[in-house]
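In: Predicted model and sequence below, questions to follow.
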Amino acid sequence: MTDTDMAGHDHATDFGTDPTRAALLKAMLPHVPAEGWSDRAFEAAAREAEVTLSEARAAAPRRGLDLAAEWHRQADRALVRRLRAADLSGLRMRDRIAFAIKARTEETSEREVLRRSTALFSLPQNASLGAHLLWETADLIWDALGDTSRDGNWYSKRATLAAVLASVVLYRLGDESPGLERTRAFIDRRIDDVMAFEKWKAGARDNPVLRHVAGPIGWLMGQIHAPERPDLPGGWKEK
């Protein structure tokens, strides 16, 4: 995939890359497996990054939660670079999606950090942010692979892929196979689910049995419009 293929789809690289936040994240990651994204780990990271607590809180107002989100987005930015460097032109769409998800999984290879992050975003007060981050990643992948839909299909594609991404994270947490072989096989199976749904949507229009349902649904999907970035579902503008 060339830079031209990615043109116009750089929103994932626009996430906050504040140098203080980046330094805090780098210093905090070694503490996360034992202490989680806690205030104690955050304060230790500030000391090790040689920034005052005030400076640290200015860069990450929600402390560990902001750094956990930055860790997720850091992996998204790495995925953008990998997709730009990869030549996917000879692959089927299902294989392109599988490649992207496998590459994204490799960017968060630290299982204990991933486990702590999953637990953090599973808390009720953080669930909206967790869902928003998954949606960002799904949006990034579909955009990078050339999706141009701006109607209801924009939502259905990203909702389906976000669900796959969530299931892959949970499966990966229990996978101890060499090279994450089981997770990679799981991704292939789940991508089949995504493509089966897309195939069903395409075929429903031509199926005489489903046509009476597909027609109204297709009309409704056409009336829905994708949001303007960065206002993705579940998100808010950070201060």
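Out: Perfect, thanks for sending it.
In: Can you pull the poorly scored residue ranges out of this protein?
Out: Counting by pLDDT under 70, the chain contains low-confidence residues at 1-16, 197-239.
In: Okay, helices next: where are they in it?
Out: Secondary structure of the chain, counting by DSSP state H: helices at 3-6, 19-28, 32-35, 39-48, 53-59, 64-85, 93-106, 111-122, 127-144, 152-173, 181-204, 211-223.
In: Tabulate these in JSON lines, adding columns for mean neighbour count.
Out: Yep, even glycine has a C-beta here, placed from its N, CA and C like the rest. Written out in JSON lines, the entries for those read as follows (neighbours: other C-beta atoms under 10 Å):
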{"stretch": "helix 3-6", "mean neighbour count": "12"}
{"stretch": "helix 19-28", "mean neighbour count": "19"}
{"stretch": "helix 32-35", "mean neighbour count": "16"}
{"stretch": "helix 39-48", "mean neighbour count": "18"}
{"stretch": "helix 53-59", "mean neighbour count": "16"}
{"stretch": "helix 64-85", "mean neighbour count": "20"}
{"stretch": "helix 93-106", "mean neighbour count": "20"}
{"stretch": "helix 111-122", "mean neighbour count": "18"}
{"stretch": "helix 127-144", "mean neighbour count": "21"}
{"stretch": "helix 152-173", "mean neighbour count": "18"}
{"stretch": "helix 181-204", "mean neighbour count": "15"}
{"stretch": "helix 211-223", "mean neighbour count": "12"}
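In: Distance-wise, check Leu180 relative to Glu43.
Out: 33 Å (C-beta to C-beta, to the nearest Å).
In: What of Glu106?
Out: 31 Å.
In: Am I right that Leu140 is in contact with Arg77?
Out: No: with contact defined as C-beta atoms under 8 Å, Leu140 does not reach Arg77; the gap is 9.4 Å.
In: can you tell me which residues contact the residue positioned nearest the centre of the chain?
Out: Ranked by distance to the mean C-alpha position of the chain (C-alpha atoms, centre = their mean), the top residue is Thr137 at 2.4 Å. Listed by C-beta atoms under 8 Å, 6 or more residues apart in numbering, the contact partners of Thr137 are His72, Asp76, Leu79, Arg104, Ala162, Leu165.
In: Likewise for Arg21?
Out: Contacts were defined as C-beta under 8 Å, 6+ apart; by that measure Arg21 touches Ala59, Ala60, Asp66, Leu67, Glu70.
In: is it possible to export those residues to a markdown table including distance to Arg189?
Out: Formatted as a markdown table, the contacts of Arg21 follow (distance: C-beta to C-beta, whole Å):
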| residue | distance to Arg189 |
| --- | --- |
| Ala59 | 40 |
| Ala60 | 37 |
| Asp66 | 34 |
| Leu67 | 33 |
| Glu70 | 31 |
